[in-house]
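Q: Have a look at this prediction, sequence included:
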Amino acid sequence: MSEGVNRDREYWIAKCKALMESNRVEVRGHRYTRPAPSTYEHQWLWDSCFHAIILRHFAFDMARDELLSLVAHQVKGGPDAGMIPHMAYWNGGGAELWGYDDRSIITQPPLIATAAMLVYEKTNDKTLLEQLYEPLAAYHQWFDRRRDPDNDGLVSIIHPWESGWDASPRWDKPMGLSANPSDEESRLARKNLVAKLIEYECDAQKLAEAGYFHVEAADFNLIRINDLEWLGEISRIIGKPNYGWGEMAAETYYAMEEKMQHDGRMFDLDGNQETRIDVPSAAEFVALLGRDDDLVSRLNDSHNWPTYPIPTTPLNGGLFNGDHYWRGNVWLNVNWLIWSALRHSRYNPYDAIARELTDRSLTLVDKHGFHEYFNPITGKGHGSFPHSWSAIVLDMLLTELGEQIG
Ligand code: GLC
């Protein structure tokens with residue numbers, strides 16, 4: 001354990017509980033946690049998954065409500081039936097951008113089954129799994145139907161917002177941006193792309209043919225593999241038909257190996273040609289689950305492991321900017337994903353690195369507060385405050401403490 005880290009269970013539960021309660025929203029019989037006051041009043045998909053994983057430690061009912069409110073905006077009809085939108089506007093306000101007042105028209109990394117199983121692990125209550133199973137089945141079938149035009153098992157995202165890594169250098173080229181674009185330039189490009197999505201009715205194939213953003217992202221696909229595997233487990237627990245989740249996961253896994261993994265790296269693939277996007281990022285570590293040792297040794301080098309790991313863009317290579325949105329900051333939800341990948345690695349126990357990551361993440365929050373994102377060298381907090389998913393450090397700590405006691 002690193003020196004001087006506060007690993008006191010009650011201290012962290014109290015801190016995180018206060019944060020989550022301060023961001024709680026109740027609307028028409030539903031409850032969710034907003035990511036942060038004023039900037040982020042609506043409900044976001046992967047945020048709510050992280051919120052449920054935090055809430056499972058001290059507020060079971062709220063963890064359940066968080067996931068149920070998330071699937072409440074699932075698309076019911078039309079070509080995108082089954083999609084779960086990345087944003088739900090519970091009080092309206094989406095129409096100007098999306099053409100729908102209550103939801104967006106794109107999704108975000110699918111980890112709802114994963115979150116549901118982590119909640120179940122604490123509650124042992126099958127009801128939530130029963131309520132979520134068919135919506136989640138429809139959601140993953142939607143991916144298969146609408147987001148895998150070349151039928152190779154790898155699903156595509158059609159907007160950087162779907163990755164959750166809005167302004168990452170990973171997307172500069174696929175977005176047609178200059179090298180090191182200004183915040184304004186990249187923001188405008190993302191906004192303009194929404195108009196194209198509406199024009200092309202979010203048809204991934206047509207968007208790819210027309211040369212718009214169409215990326216098979218490594219971390220996104222790995223997150224989906226996990227979710228599919230958990231969906232299989234849910235079907236077993238509640239005795240519902242398994243629609244082939246294991247086979248779908250395996251197909252994606254092998255396609256990642258075939259097409260994305262190369263020379264110890266894991267690449268996102270751009271467009272119809274599936275060109276490798278040669279931009280190193282922490283997404284490669286998210287995608288390392290059960291794979292290559294090279295990735296772990298790179299994780300251990302100083303460009304990826306400054307005072308506060310893990311910068312989303314490594315310090316070397318000329319693309320790093322620790323103070324600019326998604327261009328090299330620490331995001332604690334990404335840390336959680338990497339921590340989880342390290343712990344679940346099939347072949348090697350990387351628990352010591354995982355524990356060190358927990359300690360550094362706890363220290364970061366303890367010293368600087370629950371910011372949306374941080375400079376990995378100075379720890380300076382940026383973005384919205386207080387940001388709910390930064391409480392995910394609680395899950396890292398309590399999971400480790402639980403193991404020590406057990
Ligand atoms: C930002 C992040 C995105 C997150 C949202 C709400 O847009 O880039 O990943 O879901 O904020 O926290």
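A: Structure received.
Q: show me the residues around residue 84 that make contact.
A: 45, 70, 71, 73, 74, 75, 107, 110, 112, 135, 139 (Cβ atoms under 8 Å, 6 or more residues apart in numbering). All C-beta atoms are positioned from the backbone trio N, CA, C, and that covers glycine.
Q: Now the host helix or strand of the last one: average pLDDT?
A: With elements delineated by DSSP states H and E, residue 139 resides in helix 126-146, which encompasses its position. For helix 126-146, the mean per-residue pLDDT is 98.
Q: Which elements pack onto that helix?
A: Judged by 3 or more Cβ pairs under 8 Å, 6 or more residues apart in numbering; DSSP states H and E, the packing partners of helix 126-146 are helix 60-71, helix 112-123, helix 218-238, helix 245-255.
Q: Closest one to the ligand out of the contacts of residue 84, please.
A: residue 45 (7.3 Å; Cβ to the nearest ligand atom).
Q: three-state assignment of the nearest residue to the closest one once chain neighbours are set aside?
A: In space, and not counting its chain neighbours, residue 45 is closest to residue 108: 3.9 Å by Cβ to Cβ, 6 or more residues apart in numbering. What DSSP: H, G, I helix; E, B strand; the rest coil gives for residue 108 is coil.
Q: what about residue 108, how many residues close to it?
A: When neighbours are counted by other Cβ atoms under 10 Å, residue 108 registers 23.
Q: which residues does the one residue in the stretch 151-300 of the chain that gets nearest to the ligand contact?
A: Nearest residue of the stretch 151-300 of the chain to the ligand (Cβ to the nearest ligand atom) works out as residue 164 at 3.5 Å. Neighbour list for residue 164: 46, 108, 109, 333 [criterion: Cβ under 8 Å, 6+ apart].
Q: residues near residue 210, how many?
A: Residue 210 has 13 nearby residues by other Cβ under 10 Å.
Q: confidence score at residue 348?
A: Reading off the model, residue 348 has pLDDT 60.
Q: Ok, residue 404 next?
A: The model's pLDDT for residue 404 equals 67.
Q: Equivalent analysis for residue 300, please.
A: Turning to residue 300, the model gives it a pLDDT of 78.
Q: Pull out the buried residues from the contacts of residue 84.
A: 45, 70, 71, 73, 74, 75, 107, 110, 112, 135, 139 (16 or more other Cβ atoms under 10 Å).
Q: Among the residues you listed, which one lies nearest to residue 55?
A: residue 70 (12.6 Å; Cβ to Cβ).
Q: and the protein, which residues reach the ligand?
A: Neighbours of the ligand within the chain, by Cβ under 6 Å from any ligand atom: 35, 40, 44, 46, 47, 164, 166.
Q: Which of those are buried? Put it as a PyMOL command.
A: To isolate the buried ones among those in PyMOL, judged by 16+ other Cβ under 10 Å, type:
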select buried, resi 35+40+44+46+47+164
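Q: Okay, and which of the residues of the chain next to the ligand map to strands?
A: residue 44 (DSSP state E).
Q: Okay, and which of the residues of the chain next to the ligand map to helices?
A: Counting by DSSP state H, the part of the residues of the chain next to the ligand found in helices is 46, 47.
Q: now the residues of the chain next to the ligand as JSON lines including pLDDT?
A: Rendered in JSON lines, the data for the residues of the chain next to the ligand read as follows (pLDDT from 0 to 100):
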{"residue": "35", "pLDDT": "98"}
{"residue": "40", "pLDDT": "97"}
{"residue": "44", "pLDDT": "98"}
{"residue": "46", "pLDDT": "98"}
{"residue": "47", "pLDDT": "98"}
{"residue": "164", "pLDDT": "98"}
{"residue": "166", "pLDDT": "98"}
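Q: how about low-confidence regions in the stretch 1-150 of the chain?
A: 1-2 (pLDDT under 70).
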